[in-house]
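Engineer: quick check, what structure comes out for this input:
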Amino acid sequence: MSRGELTKEDYEILRAPFDVHAVRFRLGSWLPGSRMSVLTYIDARLVMERLSEVDPNWTAKYNQPVFAWDDNNVEWLRHHAPLECTIDLKGAKRSDVGQLPVTAVKPDQELYPFKEKKNYDSGEITYESPRWEISDKHFKALYSDALKRAAVHFGVGAYLYSLKGFEVAKGEYDKGFLKPAGTQKMKDRYQQIVTHPMFEKRFGVVRSYGDEAVEAIDKAIAAL
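Structural biologist: Coordinates of the predicted model:
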């Protein structure tokens, strides 16, 4: 078979859901009753591994899109830093654009009215106004976002956009992060959905990348 021919079997591999141990969860937006939505995502390294299953010689090229910059959009473009990624998989090319995470851009004053700063010597807590904060970590996230968005065009992680009803109640999260109980609740719901016969018929059977083994080893070490 010549390069450039993605088969039905290839697409089945690309579209298959990831094991519950491989996915991650983070808080989304506020919901009525002090509840919060939860977003399910996968690490870019797993996306790379999935692409490599189909084509070990796949490539990704990144390009800064050209825009007509003017006084009205220059700040937005500078701080969102749109980056285009083009993936070549067996000769088939797909592109999409990623951007910096919301934590890298100036936050909404109503959502983030201040930033807490603690003096660990005196214990005094002061508050600062939000400001632009872009770090190397943010730029790594930019490349990961572009890669993952381009990979979705091949079906990688596309099923994540169909997941509904992921939310936690007050007490299951704290200070912007899920508590262990909240994380376990999301894992249980995810497992129920992706292993359901109706879901498997639509997206295929879950594929594992050894994450469950690593988790079991971590638990065994912690128990020593």
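Engineer: what score does E110 have for pLDDT?
Structural biologist: We have a pLDDT of 48 for E110.
Engineer: equivalent analysis for the one 10 residues further on, please.
Structural biologist: Here, the pLDDT recorded for Y120 equals 69.
Engineer: could you number the chain from 589 rather than 1 from now on?
Structural biologist: Sure, I'll start numbering at 589, so the last one becomes Y708.
Engineer: once you drop chain neighbours, what's closest to T771?
Structural biologist: Computed as CB to CB, 6 or more residues apart in numbering, the closest residue to T771 that is not its neighbour in sequence is F613, at 6.0 Å. Just so you know, the C-beta spots here come from the backbone N, C-alpha and C atoms, and that holds for glycine as well.
Engineer: which SSE is that neighbour in?
Structural biologist: F613 is part of strand 612-619 when elements are defined by DSSP states H and E.
Engineer: past the worst-scoring helix or strand of the chain on mean pLDDT, which element shows up next along the chain?
Structural biologist: Across the helices and strands of the chain, the lowest-confidence element by mean pLDDT, DSSP states H and E is helix 662-668, at a mean of 58. Where DSSP H and E defines the elements, the next helix or strand beyond helix 662-668 is strand 671-677.
Engineer: identify each buried residue in that following strand, please.
Structural biologist: L671, E672, C673, I675, D676, L677 (16 or more other CB atoms under 10 Å).
Engineer: just stretch 626-644 next, same as before
Structural biologist: Applying 16+ other CB under 10 Å to stretch 626-644 flags V626, T628, I630, A632, L634, V635, M636, E637, R638, L639, V642, D643 as buried.
Engineer: OK, contacts around the residue lying closest to G745 once chain neighbours are set aside?
Structural biologist: Residue nearest to G745 in three dimensions, not counting chain neighbours: I630, with 5.5 Å by CB to CB, 6+ apart. With contact set as CB atoms under 8 Å, 6 or more residues apart in numbering, I630 has these partners: F606, A610, V611, R612, K736, G745, L748.
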